[in-house]
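Peer 1: pasting a predicted model and its sequence here:
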Amino acid sequence: MKTSIAALSVLILAAQAAKDLAMMKNVNQHSMLSHGGFHRPADCCFSYTPRKIRCVIMKAYTLTASECSQPAVIFLTKKGQRVCTNPDDEQVQKCMSELKLTSTTKDLKSILLKKEHLKLASSPPSFWRRPPLGEALA
């Protein structure tokens, strides 16, 4: 009897741990940062790059969490390197705007292509179309 109760307890604990693990995998890390959750030191910048940034080599950016000691914009280069920059810098703001515009343009093109694809897919082939009622078939 004691063995079955102990086995049942272990089984319940294992099921709860598996459930918690599955929930953690589904939670977006960014939402945890924005809601006062934990953050890694790699998500913060402790100094800004002294170099002038070149927007043409950047592919994305993110803002550091409010829990960090200083605000920063972290750019991701096309080669995968992270660059910490001052968010008040005019060049940084310009690059952020360019990347946002590029991303929006790509999203819009993708939406238009999908819409065009759906339109073509939903229309029947021309040989299926019937002639208007007043026309005679040749």
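Peer 2: Structure received.

Peer 1: got the buried residues for the helix or strand hosting residue 111?
Peer 2: Following DSSP states H and E, one finds residue 111 within helix 90-122. Of the residues in helix 90-122, 92, 95-96, 99 count as buried by neighbour count, 16 or more other C-beta atoms under 10 Å. Where you see a C-beta, it was placed from the backbone N, CA and C, and this is true even at glycine.

Peer 1: repeat for stretch 62-78
Peer 2: So for stretch 62-78, counting by 16+ other C-beta under 10 Å, buried means 64-65, 68, 72-75.

Peer 1: and the contacts of it?
Peer 2: By C-beta atoms under 8 Å, 6 or more residues apart in numbering, the surrounding residues in contact with stretch 62-78 are 33-34, 36, 39, 43-46, 48, 53, 57-61, 82-87, 92, 95-96.

Peer 1: now with 6 Å, please.
Peer 2: Stretch 62-78 is contacted from outside by 33, 39, 43-45, 57-61, 82-85, 87, 92, using C-beta atoms under 6 Å, 6 or more residues apart in numbering.

Peer 1: as a check, name the ranges of all helices in the protein.
Peer 2: Counting by DSSP state H, residue ranges of the helices within the chain are 2-26, 29-34, 90-122.

Peer 1: which stretch in the ones you listed has the least confidence?
Peer 2: Of all the helices of the chain, the segment with the smallest mean pLDDT is helix 29-34, scoring a mean of 36.

Peer 1: list phi and psi for residue 67.
Peer 2: phi -80, psi -10 (degrees, to the nearest 10).

Peer 1: again, but for the one 4 residues further on
Peer 2: For residue 71, the backbone dihedrals (degrees, to the nearest 10) come out as phi -70, psi 150.

Peer 1: for residue 64, same thing?
Peer 2: Per degrees, to the nearest 10, the backbone of residue 64 is at phi -70, psi 160.

Peer 1: many thanks, have a good one.
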